[in-house]
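Asks: mind looking at a prediction? Sequence and model below.
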Amino acid sequence: KNQVEQSPQSLIILEGKNCTLQCNYTVSPFSNLRWYKQDTGRGPVSLTIMTFSENTKSNGRYTATLDADTKQSSLHITASQLSDSASYICVVSGGGSYIPTFGRGTSLIVHP
Amino acid sequence: DAMVIQNPRYQVTQFGKPVTLSCSQTLNHNVMYWYQQKSSQAPKLLFHYYDKDFNNEADTPDNFQSRRPNTSFCFLDIRSPGLGDAAMYLCATSRDATDYEQYFGPGTRLTVT
């Protein structure tokens, strides 16, 4: 069964600090992995998309890594800002279907 | 520029009173999806259309129906909303079955009283 597990479930950090969110998946065969940011009461917005051959991809202060061998990804946020407070969702496509598998998300709260 | 638009953003309905949520897209994408998302949970796929082909998830309640009259528009009908149907409803699109990038609308927050 295709599954995406994210950790931690929630995270509280101080403004300016860095943090790393984790995503493990069992989707096979793998097609791509995306990280979305979802602000409270809004729809998800894509941060990065990574295919099998990509190990790292950056979008401003967000850097995603992918290890397709261990089926793990991480999202690193540098110099966090209050506006980074949101849910971060890992989504994996593949598994013989074009319907992606969603993780439950990590809720990040950045305190001043 | 808005690409996936959902209306209304907030909807309050009474228990058992039918409600329709709408989604439109300016991307000319072939695939449209409806997701239900409850607090602190992952979005749950209800339906998707690949062009005009309708695909119903096995565990989507019969209370939920969908229509896609043309490429740009898709509707979610809840025939008799229950308290458990209160949630955020997300519409998403993707270009086709080989392009997995999904674009989400802002969502409609449904409250059932």
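Replies: Thanks, I have the structure now.
Asks: run a quick neighbour tally on residue B:13.
Replies: Using other C-beta atoms under 10 Å in any protein chain shown, residue B:13 has 17 neighbouring residues. For the C-beta atoms, the positions are set from N, CA and C on the backbone; glycine is no exception.
Asks: and the least confident helix or strand in chain B by mean pLDDT, how far out from the chain middle?
Replies: Every helix and strand in chain B was compared by mean pLDDT, DSSP states H and E; the lowest is strand B:53-56, with a mean of 87. Counting by C-alpha atoms, centre = their mean, to the nearest Å, strand B:53-56 is centred 13 Å from the centre of its parent chain.
Asks: ditto for stretch B:51-67
Replies: Chain-centre distance of stretch B:51-67: 10 Å, with C-alpha atoms, centre = their mean.
Asks: chain A contacts on chain B?
Replies: Selection of chain B residues close to chain A by C-beta under 8 Å from any C-beta of the partner chain yields B:4, B:6, B:31, B:40-43, B:45, B:48, B:88, B:90, B:92, B:94, B:97-98, B:100-107, B:109.
Asks: just to revisit the earlier point, who are the packing partners of the least confident helix or strand of chain B?
Replies: For strand B:53-56, the packing partners by 3 or more C-beta pairs under 8 Å, 6 or more residues apart in numbering or on different chains; DSSP states H and E come out as strand B:44-50.
Asks: run through who's touching the strand it packs on.
Replies: Contacts to strand B:44-50, defined as C-beta atoms under 8 Å, 6 or more residues apart in numbering or on different chains, come from residues A:99, B:30-38, B:54-57, B:60, B:64, B:66, B:68, B:74, B:76, B:96-97.
Asks: now stretch B:14-28: buried residues?
Replies: Buried positions in stretch B:14-28, judged by neighbour count with 16 or more other C-beta atoms under 10 Å in any protein chain shown: B:19, B:21, B:22, B:23, B:24, B:25.
Asks: out of these, name the ones that lie in strands.
Replies: Mapping the buried residues of stretch B:14-28 onto strands (DSSP state E) picks out B:19, B:21, B:22, B:23, B:24, B:25.
Asks: closest one of the residues you listed to chain A?
Replies: Using C-beta to the nearest C-beta, residue B:23 comes nearest to chain A of these, at 10.6 Å.
Asks: ok, what's across the strand from the residue lying closest to the closest one once chain neighbours are set aside?
Replies: Excluding the flanking residues, the one nearest residue B:23 by C-beta to C-beta, 6 or more residues apart in numbering or on different chains is residue B:91, at 3.4 Å. When bridges are called by DSSP bridges, residue B:91 pairs up with residue B:34.
Asks: likewise for residue B:74?
Replies: Beta bridges link residue B:74 to residue B:23 when assigned by DSSP bridges.
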